[in-house]
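Participant: What follows is a predicted structure for the sequence shown.
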Amino acid sequence: MTQTVEANCSADFLIRGRKSAFKTHSPEETQEIGVRIGRQLNPGDVVALIGDLGVGKTCLTQGIAHGAGVYQDQTVNSPSYILINEYEGKIPIYHIDLYRLERLEDIVDLGLEEYLEGDGICVIEWADRMSELLPENHIQVKITGEDEFTRAIEVLPVSAD
């Protein structure tokens, strides 16, 4: 069963196998959901972001990074052209954007294993392009634009258990 709460929710929601759903009405609210996700992440976690172009994946990632303790003086932006940004903080964040890579072979050639198996947190935009390569345990986040400002965000911890 899906728990639906507004962006000002306060409970921990990354419970194995339990889907959580949120509606946000501004980029700031989307970032706040990201902050709440980031606060619950641990080294080695992988967050797989799925959603259309311009729906708020980078905005959510900004919140995740700050919630996970990325130093405030670092700007979190889309690595679309360089593919991977690394951010320092309490836990390193590896922000991967696969937008420009459509073939699985190109993604394999990136050698993402060091990030996926590392001590940081991997946040992957366009993760559906590498679904076969994702670890069995990861957090899937699907973002859908309902109108110009409203976003539906579904968070589902995926587990091999």
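Facilitator: Cool, got the structure.
Participant: how close does Ile143 sit to Asn42?
Facilitator: Separation of Ile143 from Asn42 (CB to CB, to the nearest Å): 22 Å. No exception for glycine: its C-beta is placed from N, CA and C like everyone else's.
Participant: does Met130 sit in a helix, a strand or a coil?
Facilitator: helix (DSSP: H, G, I helix; E, B strand; the rest coil).
Participant: With adjacent residues omitted, what lies nearest to it?
Facilitator: Distances taken as CB to CB, 6 or more residues apart in numbering put Ile107 closest to Met130, at 4.8 Å, once the chain neighbours are dropped.
Participant: quick check, that neighbour in a strand?
Facilitator: No - checked against three-state DSSP, Ile107 lies outside a strand; its state is helix.
Participant: quick one: it from Glu86, how far?
Facilitator: 18 Å.
Participant: mind listing what the residue nearest to Met130 touches?
Facilitator: Contact partners of Ile107, counting by CB atoms under 8 Å, 6 or more residues apart in numbering, are 98, 101, 129-130, 133.
Participant: top of those residues by neighbour count?
Facilitator: Leu98 (22 neighbours; other CB atoms under 10 Å).
Participant: these two touch, right, it and Val123?
Facilitator: No - with contacts defined as CB atoms under 8 Å, Leu98 does not count as touching Val123, sitting 11.5 Å away.
Participant: shouldn't Lys23 be in contact with Asp147?
Facilitator: No - counting by CB under 8 Å, Lys23 does not reach Asp147; the two are 11.0 Å apart.
Participant: out of these two, which sits in the more crowded spot?
Facilitator: Lys23 (15 against 7).
Participant: Next SSE downstream of the helix or strand of the chain with the lowest mean pLDDT?
Facilitator: Least confident helix or strand, the chain: strand 3-6 with a mean of 42, by mean pLDDT, DSSP states H and E. Past strand 3-6, further along toward the C-terminus, the next helix or strand under DSSP states H and E is strand 20-24.
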